[in-house]
Every structure is written in structure tokens, then in C-alpha cells.
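S.K.: sequence and predicted structure are below.
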Amino acid sequence: MPIEKANKAFINYLDSYRKENLSGHLLAPVDYIFSLGGKRLRPAISIWINQLYDGNLNTVLPAALAIEMFHNFSLVHDDIMDEAPLRRGKATVHHKWNTNTAILSGDAMLVLVYEILSDLEENKLKPALKLFNFAALNVCEGQQLDMDFENQDSINLDDYITMIGLKTGDLLGASFAIGALLANASKEDIDHLYSFGKNTGIAFQLQDDILDLYGDQGKVGKQVGGDIIANKKTCLWIHAFEKANKDQKAKLKKMIFEADPEKKVSLAKELFDVLKVKEDADAIKSQYQKEAFEHLEKIDLDPTKKNMIKAFALNLLTREF
């Protein structure tokens with residue numbers, strides 16, 4: 001099964017679940033957040049990997065839904081914390097309704113996650129829950145670190161990598177691992193796939209950091225330099241601050257208070273180009289990509305199937321949008 005077919009299978013399953021389960025005042029915002037679309041990358045990965053291991057589609061579909069439900073739960077609460085007005089070009093849940101409703105509907109989503117997972121086969125339930133809970137708690141810890149960083153004058157690269165590994169990498173790792181677990185893959189393969197997914201997730205976020213400033217706005221689909229405008233301490237910013245001399249550091253600090261968004265982005269790009277931080281970010285991304293592929297090589301799967309997974313990751317990490 002190609003990943004595109006896995007994605008289609010999930011969307012059909014999700015549509016059916018929404019019609020049958022997401023009605024009523026409390027769950028209307030849950031249905032709404034799913035209606036906004038998205039890549040559905042994580043559930044498609046779980047299904048795809050499961051099928052590469054010759055698993056049962058009917059067994060993995062609920063687990064994939066639980067993963068996507070948790071991801072969207074985290075988005076609803078993250079949007080509240082970030083005071084974000086838009087999600088995928090539409091009003092966020094707390095803007096369309098109110099903050100209290102968004103919190104409660106997010107809480108309901110987390111309950112639904114465990115209701116869905118509780119239907120897994122008995123011999124798979126405990127290991128799947130342990131895997132999922134490990135990743136879910138790490139996502140929450142990553143979000144806490146991300147919030148903490150907003151109030152710090154500077155952070156180092158190791159701290160940033162830790163944060164994106166927790167916030168982005170772990171759930172991607174769990175998506176790969178749970179799909180394999182439900183297809184009776186060995187513990188060694190499950191562990192390697194988790195590490196493959198986590199390292200790919202880190203590289204994926206680094207690519208996002210690069211595209212935010214250096215991507216083509218027409219392809220990226222959002223304002224170029226959004227992270228700069230929001231004063232986010234991404235990989236590019238951290239490298240710039242670490243490499244800058246005294247005068248350049250003063251410019252970076254002054255730039256934070258620049259009111260004109262276009263000028264702010266222009267100043268940042270000019271300084272980042274001088275400091276060659278894009279090249280630094282590319283090098284670190286390649287390091288995590290390499291580590292991911294080392295784990296992939298160690299799994300006990302047909303070489304043709306491993307090459308399919310590798311090609312998928314390469315496409316993900318060299319995207320221009």
C-alpha cells in the first residue's frame with residue numbers, strides 16, 4: 001500500500017467517525033477542528049507502516065485516529081496558549097466559540113483518544129498505551145519548554161533541539177512505532193522505527209525553520225518571515241546570536257522591537273545571510289536525517305520497503321513548502 005492510499009483510507013475512516021460520533025454542543029468544536037483539514041501525516045504513517053509489515057487495516061485505523069485526535073487536541077490548546085486567531089486559514093476554536101469552550105472540547109478530545117485506544121486487541125492494548133503515553137507526555141513537556149523559551153533572552157541549540165524533539169519528534173516516532181507494533185513487528189524494529197521517526201521529526205522542524213525565512217511564499221503558503229515577526233527563537237535565530245559579534249548582537253536585539261514587519265524580515269535576512277546561518281541549519285538537519293536513516297537500516301524489513309520509507313522521508317525533508 002503506498003502512503004497516498006493509506007492517507008485516503010484514513011480520511012474515509014475519519015469522515016465516518018465524525019458523522020457517527022461528533023455531534024452535540026460539546027463535540028461541535030471537535031468536528032470543526034477536523035473540518036479544517038491538514039496533512040493527516042501521522043495517521044497515514046501509522047497505517048502505511050502497519051501495511052508494510054502486513055498488518056490488519058481494521059486494527060490500525062482506530063490507533064491512527066487516536067494519534068490524529070491527540071495531535072488536534074494539542075493544537076486546540078496550543079492555539080489558546082499562543083493566542084492564535086487562525087488555524088489553517090480559519091478561526092481557531094477559542095475565537096469561533098470562546099476560551100472555556102475550547103478548553104473543554106480539547107479535554108473531551110483527550111478522553112476520546114483513550115476511548116478509541118481502549119478498543120485495541122487486548123494483547124496490544126498495554127504496549128500501545130505505553131508507547132502512546134510516553135510520546136504524549138513528551139509533547140506536553142515540549143510545549144512547556146517552548147513557552148519557557150519565550151521568556152528567556154537566549155537559549156542554546158541543544159535546548160532547542162530537545163524542545164523540538166519532544167514537541168514534534170516524539171509523536172512522529174510513535175506514529176511509526178505503533179503502526180509496526182500492531183503488525184507484530186519485533187521490539188527491535190519498533191524501537192528503531194520510533195528513533196527513525198523522532199529524528200526525522202527533528203529534521204522536519206529544522207526544515208520548517210529554514211523555509212519560514214528562505215522559502216517561496218507562493219509554495220510555503222504563508223507569510224515569509226513569520227517566525228522573525230513573532231520573535232520566535234528558531235534554529236536560525238539561535239545560530240545567528242551564537243555567531244554574532246558585539247555589534248551584530250546589538251542589531252539582533254534592536255530588531256526585536258522593529259514595528260515594520262517587512263523591514264524586520266529584511267534586516268533579519270540580511271544579517272542571517274552574512275552569518276551563514278542557513279548553511280548551519282542545513283548541516284544540522286542533515287545530521288539528524290543521517291541518524292534517522294541509520295536506524296531505518298537496522299529494521300528487519302524487505303530492502304524495497306525500506307527504500308520506500310527512505311524515499312518518503314527524503315521527500316519530506318527536501319520539500320519547498
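M.R.: Alright, I've got the coordinates. Residues are numbered from 1 along each chain as shown.
S.K.: for Asn21, what are its contacts?
M.R.: For Asn21, the contact set (Cβ atoms under 8 Å, 6 or more residues apart in numbering) comprises 27, 112. In short, each C-beta sits where N, CA and C put it, glycine included.
S.K.: try 10 Å
M.R.: Residues near Asn21 by Cβ atoms under 10 Å, 6 or more residues apart in numbering: 27, 30-31, 112, 115-116.
S.K.: what does Asn138 give?
M.R.: Taking Cβ under 10 Å, 6+ apart, we find Asn138 in contact with 165-167, 169-171, 173-174, 198.
S.K.: over to Glu297?
M.R.: Contacts of Glu297 (Cβ under 10 Å, 6+ apart): 192, 196, 303, 306, 310.
S.K.: now the buried members of those.
M.R.: Applying 16 or more other Cβ atoms under 10 Å to the contacts of Glu297, the neighbour count classes 192, 196, 306 as buried.
S.K.: wait, which of those is closest to Asp273?
M.R.: Distance to Asp273 across those (Cβ to Cβ) is lowest for Phe196, with 33.1 Å.
S.K.: which parts of the helix or strand harbouring the closest one are buried?
M.R.: Assigned by DSSP states H and E, Phe196 belongs to helix 187-214. By 16+ other Cβ under 10 Å, the buried positions in helix 187-214 come out as 189-214.
S.K.: now stretch 30-37
M.R.: Across stretch 30-37, burial judged by 16+ other Cβ under 10 Å covers 30-34, 36.
S.K.: what is the neighbour count of the nearest residue to Ile49 once chain neighbours are set aside?
M.R.: Closest residue in space to Ile49, ignoring its immediate chain neighbours: Gly179 at 3.6 Å, by Cβ to Cβ, 6 or more residues apart in numbering. The local packing of Gly179 (other Cβ atoms under 10 Å) involves 31 other residues.
S.K.: how about Asn245?
M.R.: 9.
S.K.: mind checking how far it is from Asn58?
M.R.: Remark: distance between Asn245 and Asn58 (Cβ to Cβ, to the nearest Å) = 61 Å.
S.K.: over to Asn307?
M.R.: In this view, Asn307 and Asn58 are 28 Å apart by Cβ to Cβ.
S.K.: check Leu36 too.
M.R.: Plainly put, Leu36 is 27 Å away from Asn58 if you go by Cβ to Cβ.
S.K.: quick revisit: mind putting the buried residues of stretch 30-37 into TSV with distance to Thr101 and secondary structure?
M.R.: Output for these, formatted as TSV (distance: Cβ to Cβ, whole Å; DSSP: H, G, I helix; E, B strand; the rest coil):
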residue	distance to Thr101	secondary structure
Val30	11	helix
Asp31	13	helix
Tyr32	11	helix
Ile33	12	helix
Phe34	16	helix
Leu36	16	coil
